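Visitor: Below are the sequence and a predicted model for it; my questions follow.
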Amino acid sequence: MRLILPVPRTPKGALDEKNIAKLRTIHHIQYVEFVRASTMTLTRRNFLKTTSGAALAGCTLWAPQVAYSQISLGDMTLDVVSDGSLHIPGSFSFGSMPQNELASILQAYDQSLDVLTPPCNVTLLRQGDRNILFDVGSGPDFQPTAGLLVESLEALGLAPEDITDVVFTHGHPDHLWGLLDDFDDPLFTEASYMIGKAEWDYWLDPNTVDAISSDRTAFAVGAKRRLETIEDNISFFKDGEEIFPGVAARASFGHTPGHMSFEIRSGSNAAMVVGDSIGNHHIALARPEWVSGSDQDGDLAATTRVNLLDQLASEQMPLIGFHINKGGMGRVEKIDDGYRFIAET
Ligand SMILES: [Zn+2]
């Protein structure tokens with residue numbers, strides 16, 4: 001295996017987008033290129049054949065999450081395909097929480113207070129001739145440990161041009177920026193796009209870049225620029241609409257102003273793609289009512305999270321969480337003060 005050490009890329013687009021890439025040190029760039037080279041050589045399928053990823057031993061800190069899960073609902077198949085993982089300062093998510101209790105809860109989950117490295121789980125729904133993606137991952141310009149969706153799809157025998165539809169949960173970089181390739185061209189050339197109307201209106205509003213918190217300015221600039229590239233090929237939906245046979249949109253506002261989840265149903269069997277409305281397997285479940293700095297409207301997001309978890313637990317409906325560990329697919333169970341996640345792999 002040859003280690004490729006490229007000249008660092010300069011992110012394209014508005015100057016503000018460079019701010020979000022501060023974590024992209026030369027070391028990280030070299031590392032992710034190494035990981036990319038590794039996964040391409042091994043292929044993801046071969047990698048999965050290894051018992052515990054031993055082929056990438058030594059790369060655990062920055063290795064992409066390649067967890068893989070699948071569920072069938074009638075004639076539909078849901079797969080989780082990995083886009084890699086992120087590297088987020090703990091203060092970004094945890095800063096607003098009661099620190100003493102937080103520390104003991106995180107310890108129980110073996111979760112650091114200082115840094116989060118959440119996986120990015122893109123959902124693929126195959127239904128007849130349709131290959132539908134829920135979100136498109138980070139692409140090349142967000143963080144060096146993410147943007148691996150194309151390789152993951154390849155492991156399932158799918159190329160970008162095989163994707164017929166893309167549905168967005170929301171417009172944050174790790175869900176949207178994978179829309180464009182290294183050359184800033186649309187990657188999914190044959191796809192039609194859908195997004196919740198409120199989410200579209202928010203990111204396309206020229207006032208958003210000034211109104212959003214200063215640490216998210218790059219999010220606003222990046223979302224608007226990317227969404228404008230598909231302006232002629234995107235349609236909108238609202239809460240409760242059936243966007244494909246058996247697929248209903250579910251408003252789950254708070255993480256972003258127009259965040260959407262999706263209930264996918266065949267008869268009495270159903271699963272829910274929750275995006276970032278349930279943002280992790282630890283604190284979001286243990287204390288769903290706590291306000292998280294990850295959410296743009298923390299209070300509304302907490303209310304949404306509490307309601308969703310109540311439903312998912314009482315109906316024992318499988319969920320797929322974009323940043324939930326072990327492939328993101330599983331169920332939630334009520335425990336004393338909150339919930340716990342039981343992975344379904
Ligand atoms: Zn996210």
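Guide: Now that the structure is in, tell me what you want to look at. Numbering: from 1, shown residues only.
Visitor: How about the residues of the protein by the ion?
Guide: 174, 276 (Cβ under 5 Å from the ion). Using the backbone N, CA and C atoms, a C-beta is placed for each residue, glycine as well.
Visitor: Now do the residue of the stretch 101-250 of the chain found nearest the ion against residue 136, distance only.
Guide: In the stretch 101-250 of the chain, the residue that lies nearest the ion is residue 174 (4.4 Å; Cβ to the ion). Noted for residue 174: a distance of 10 Å to residue 136, by Cβ to Cβ, to the nearest Å.
Visitor: just to revisit the earlier point, just checking, the residue of the stretch 101-250 of the chain closest to the ion touches residue 85?
Guide: No. The criterion here is Cβ atoms under 8 Å, and residue 174 misses it with residue 85 at 9.6 Å.
Visitor: Now the common contact residues for those two.
Guide: 120, 146 (Cβ atoms under 8 Å, 6 or more residues apart in numbering).
Visitor: so what pLDDT did the residue lying closest to residue 187 once chain neighbours are set aside get?
Guide: What sits nearest to residue 187 in space, not counting adjacent residues and going by Cβ to Cβ, 6 or more residues apart in numbering, is residue 181, at 4.5 Å. In this model, residue 181 is scored at 93, pLDDT.
Visitor: Count residues in the vicinity of residue 181, would you?
Guide: Number of residues near residue 181 (other Cβ atoms under 10 Å) recorded here: 15.
Visitor: can you pull the contacts of it?
Guide: 139, 140, 187.
Visitor: Quick one: low-confidence residue ranges for the stretch 51-200 of the chain.
Guide: Within the stretch 51-200 of the chain, the stretches with pLDDT under 70 are 51-68.
Visitor: Okay, strands next: where are they in it?
Guide: 69-73, 76-85, 88-89, 115-116, 119-127, 130-134, 165-168, 192-196 (DSSP state E, counting those that start in this stretch).
Visitor: Those strands: which one's closest to residue 281?
Guide: strand 119-127 (9.9 Å; Cβ to Cβ).
Visitor: Spatially, what comes nearest to the residue of the stretch 101-250 of the chain closest to the ion if we skip its sequence neighbours?
Guide: Nearest to residue 174 is residue 138, by Cβ to Cβ, 6+ apart, at 4.8 Å.
Visitor: re the thing from before, closest to residue 147 out of the strands of the stretch 51-200 of the chain?
Guide: strand 76-85 (6.2 Å).
Visitor: angle of that closest one against strand 119-127?
Guide: Computed by axes from the mean of the first three to the mean of the last three Cα atoms, to 10 degrees, the angle separating strand 76-85 from strand 119-127 equals 160 degrees.
Visitor: Can you dump the C-alpha atoms of strand 76-85 in PDB for me?
Guide: Taking C-alpha atoms only, strand 76-85 is exported to PDB below (Å, rounded to 0.1, in the frame of the first residue of the first chain):
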ATOM      1  CA  MET A  76     -38.000  -1.700   0.500                       C
ATOM      2  CA  THR A  77     -34.400  -2.100   1.700                       C
ATOM      3  CA  LEU A  78     -32.700   0.400   4.000                       C
ATOM      4  CA  ASP A  79     -28.900   0.500   4.200                       C
ATOM      5  CA  VAL A  80     -26.700   2.700   6.300                       C
ATOM      6  CA  VAL A  81     -23.700   3.800   4.300                       C
ATOM      7  CA  SER A  82     -20.900   5.600   6.100                       C
ATOM      8  CA  ASP A  83     -19.500   9.000   5.100                       C
ATOM      9  CA  GLY A  84     -16.800   8.700   7.700                       C
ATOM     10  CA  SER A  85     -16.800  10.700  10.900                       C
END
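Visitor: And it, what does it pack against?
Guide: With contacts taken as 3 or more Cβ pairs under 8 Å, 6 or more residues apart in numbering; DSSP states H and E, strand 76-85 sits against strand 69-73, strand 119-127, helix 149-155, strand 260-266.
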